[in-house]
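Undergrad: next comes the sequence, and after it the predicted model I'd like to discuss.
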Amino acid sequence: MTTMSLAKALNAGLRRAMEDDDKVVIMGEDVGRLGGVFRITDGLQKDFGDDRVIDTPLAESGIVGTAVGLAMRGYRPVVEIQFDGFVYPAYDQIVCQVAKLHYRSRGRVRIPMVIRIPFGGGIGAVEHHSESPEAQFVHTPGLKVVACSNPADAYAMIQQAIHADDPVIFLEPKRLYHAAKADVDEAALSESPAPLWQSRVVRSGSDATLVAYGPTVSTCLDAATVAAEEGRSLEVIDLRTLSPLDLVPVHESVRRTGRLVVVHEAHVTLGLGAEIAARVTEECFHSLEAPVLRVGGFDTPYPPARIEEAFLPDLDRVLDAVDRTFGF
């Protein structure tokens with residue numbers, strides 16, 4: 001059992017994957033000598049060499065395109081996109097090649113690659129450094145999309161994503177990289193990790209359900225703690241995987257609580273909360289005591305750092321949505 005941050009857990013997971021399979025290679029801007037801008041790959045080039053931890057030019061389309069060729073040749077490339085907003089130069093490669101090659105080849109070609117994307121705000125950065133582009137990838141058939149929210153999941157999920165034979169968009173909440181540490185049982189998680197494509201109830205409750213992923217899971221857990229002091233019992237579900245969506249625990253929870261609030265940093269309009277609200281309404285219509293409510297970023301470009309806290313979902317906005325759902 002080791003106490004580590006989410007960043008250290010990702011580093012340990014990458015190290016374990018590289019030790020287990022010499023076909024795993026890491027590619028990205030400054031991932032080698034520098035260890036990445038967030039130090040996620042710190043020390044890996046020193047230990048595994050510059051032919052497995054590759055510092056690339058500043059060209060996201062070229063990075064992903066090269067990784068596609070490596071994946072087709074039997075390697076398992078792990079691509080780091082330095083910041084979420086930098087992914088768009090590679091968007092054509094991801095949507096038109098990475099996501100479609102298996103289907104286009106009638107199953108003869110697999111693309112076992114992972115594209116790591118630090119996402120979300122809360123670090124005092126400007127636009128292009130604080131985006132939440134997950135819905136664009138969830139909307140693309142052929143991609144798996146996951147989002148970790150804690151060190152234990154980060155350690156296990158990055159290894160599972162690398163071992164998967166399908167391309168995985170791996171979203172990492174950058175504001176949690178060096179936040180609170182947690183115990184990570186590396187041996188247990190390596191031997192029997194939780195299934196990658198399943199959501200999880202992280203706090204049980206009976207009055208209302210909060211659904212979140214990535215950086216907003218901790219916000220919802222804080223909201224549930226405050227609500228408990230006021231006599232309300234909130235259940236919190238961490239989606240963990242965004243495509244495919246595992247909504248079975250959500251449906252079961254909503255049938256008991258009758259109320260659902262979905263929380264994410266991405267813009268509310270056409271965000272993941274809209275899809276969840278539609279599916280829950282279809283599946284649990286007669287159990288709902290109130291409309292499904294969404295809390296997310298506003299429909300504006302990401303704001304300057306000095307006012308980003310007014311843009312991001314916080315404790316007060318989540319609790320306000322809980323109050324509103326009890327008003328129906």
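TA: On my side now, so go ahead.
Undergrad: low-confidence regions, the stretch 151-300 of the chain specifically.
TA: Counting by pLDDT under 70, the stretch 151-300 of the chain shows no low-confidence range.
Undergrad: show me where it has helices.
TA: All helices of the stretch 151-300 of the chain, identified by DSSP state H, counting those that start in this stretch, fall at 151-163, 186-191, 216-229, 248-257, 272-284.
Undergrad: got the buried residues for the second one?
TA: Within helix 186-191, the residues that count as buried by 16 or more other Cβ atoms under 10 Å are 186, 189. Where C-beta positions appear, they are placed from N, C-alpha and C, glycine not excepted.
Undergrad: can you tell me which helices and strands that helix packs against?
TA: helix 6-20, helix 151-163 (3 or more Cβ pairs under 8 Å, 6 or more residues apart in numbering; DSSP states H and E).
Undergrad: which residues sit against stretch 77-84?
TA: 14, 17, 24-31, 36-37, 40-41, 60, 63-64, 66-67, 70-71, 87, 90, 113-120, 125, 128-133, 162, 174 (Cβ atoms under 8 Å, 6 or more residues apart in numbering).
Undergrad: ok, now with 7 Å
TA: 14, 24-29, 31, 36-37, 41, 60, 63-64, 67, 70-71, 87, 90, 113-119, 128-129, 131, 133, 162 (Cβ atoms under 7 Å, 6 or more residues apart in numbering).
Undergrad: pLDDT on it, on average?
TA: The pLDDT scores in stretch 77-84 average 97.
Undergrad: wait, doesn't Asn234 sit right on Ser206?
TA: Residue 234: Leu, not Asn. No: counting by Cβ atoms under 7 Å, Leu234 sits too far from Ser206 to count as a contact (8.8 Å).
Undergrad: so for these two, which sits in the more crowded spot?
TA: Leu234 (26 against 13; other Cβ atoms under 10 Å).
Undergrad: doesn't Leu196 make contact with Met157?
TA: Yes: at 6.0 Å, Met157 counts as touching Leu196 under the criterion of Cβ under 7 Å.
Undergrad: and stretch 174-184, what's buried?
TA: Using 16+ other Cβ under 10 Å as the test for burial, stretch 174-184 gives 174-177, 179, 182, 184.
Undergrad: what's the distance between the closest residue to Ala99 other than its chain neighbours and Val168?
TA: Leaving aside its sequence neighbours, Ala99 sits nearest to Gly142 (Cβ to Cβ, 6 or more residues apart in numbering; 3.4 Å). Gly142 sits 11 Å away from Val168 when distances are taken as Cβ to Cβ, to the nearest Å.
Undergrad: same check on Ile123?
TA: From Ile123 to Val168 the distance is 24 Å (Cβ to Cβ).
Undergrad: now do the buried residues in the helix or strand containing Leu319.
TA: For Leu319, the host element (DSSP states H and E) is helix 315-325. Neighbour-count burial for helix 315-325, counted by 16+ other Cβ under 10 Å, picks out 317-319, 321-322, 325.
Undergrad: got the contact list for stretch 321-328?
TA: Residues contacting stretch 321-328 (Cβ under 7 Å, 6+ apart): 208, 227, 232, 234, 259, 261, 289-291, 293, 295.
Undergrad: before we move on, the earlier item: ok, Gly142 and Val168, which is more surrounded?
TA: Legend: neighbour count by other Cβ under 10 Å for Gly142 and Val168, higher for Val168 (29 against 18).
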